[in-house]
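K.L.:
what follows is a protein structure lacking sequence information:
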């Protein structure tokens, strides 16, 4: 079984899809995404029943990202992906990370690209510990 995350700058959060070993859809979970009614209807109408159908769905939304989820997102993966500013306190960020559930860790990790895409020019990136404490992926 493989799990995939669908994210887009057009909605917050992520939609998770699980496919079995032969590529058939087992489940999808949109509870961690804030979708408009129109987006929900679109998703249900174009729900990929097979992994091979994902490409067709993504052609209609080229800025969407569909990535395999590594179910055990480690702090080191987060730290490397976040590319924290020099003054970030790794120890403080790790302490916050350790208090988070695996689901929160996944959301925090996969929200990084959305956060970065929304950054205004001239505004500094948050320290890693501030990013984790702010829980932007829940807003």
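P.N.:
Good, I have the coordinates. Keep in mind that this is a model prediction, so the values were computed, not measured.
K.L.:
all contacts plus neighbour counts: C-alpha atoms, from now on.
P.N.:
Noted.
K.L.:
in the protein, where's the longest helix?
P.N.:
In the chain, ranked by residue count with DSSP state H as the criterion, the top helix is helix 102-118.
K.L.:
just checking, next helix/strand downstream of it?
P.N.:
Counting by DSSP states H and E, the next helix or strand C-terminal to helix 102-118 is helix 128-134.
K.L.:
remind me which residues of this protein are low pLDDT?
P.N.:
For the chain, the stretches with pLDDT under 70 are 1, 71.
K.L.:
so which residue is dead centre in it?
P.N.:
residue 110 (2.8 Å; CA atoms, centre = their mean).
K.L.:
residue 101 versus that residue, what's the distance?
P.N.:
From residue 110 over to residue 101 the distance is 14 Å, taken as CA to CA, to the nearest Å.
K.L.:
which strands border the helix or strand hosting residue 5, and is each parallel or antiparallel?
P.N.:
Per DSSP H and E: residue 5 is located in strand 2-8. If you go by DSSP bridges, strand 2-8 pairs up with strand 11-19 (antiparallel), strand 65-68 (antiparallel).
K.L.:
now those as JSON lines including mean neighbour count and distance to residue 77?
P.N.:
Below are these laid out as JSON lines (neighbours: other CA atoms under 10 Å; distance: least, CA to CA, whole Å):
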{"stretch": "strand 11-19", "mean neighbour count": "21", "distance to residue 77": "18"}
{"stretch": "strand 65-68", "mean neighbour count": "16", "distance to residue 77": "14"}
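K.L.:
format these as a markdown table; extra columns: distance to residue 89.
P.N.:
As requested, the strands paired with strand 2-8 are arranged in a markdown table below (distance: least, CA to CA, whole Å):
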| stretch | distance to residue 89 |
| --- | --- |
| strand 11-19 | 26 |
| strand 65-68 | 29 |
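K.L.:
quick one: closest of these to residue 49.
P.N.:
strand 11-19 (8.8 Å; CA to CA).
K.L.:
okay, the angle between that closest one and helix 102-118?
P.N.:
Strand 11-19 and helix 102-118 are oriented at 130 degrees to each other (axes from the mean of the first three to the mean of the last three CA atoms, to 10 degrees).
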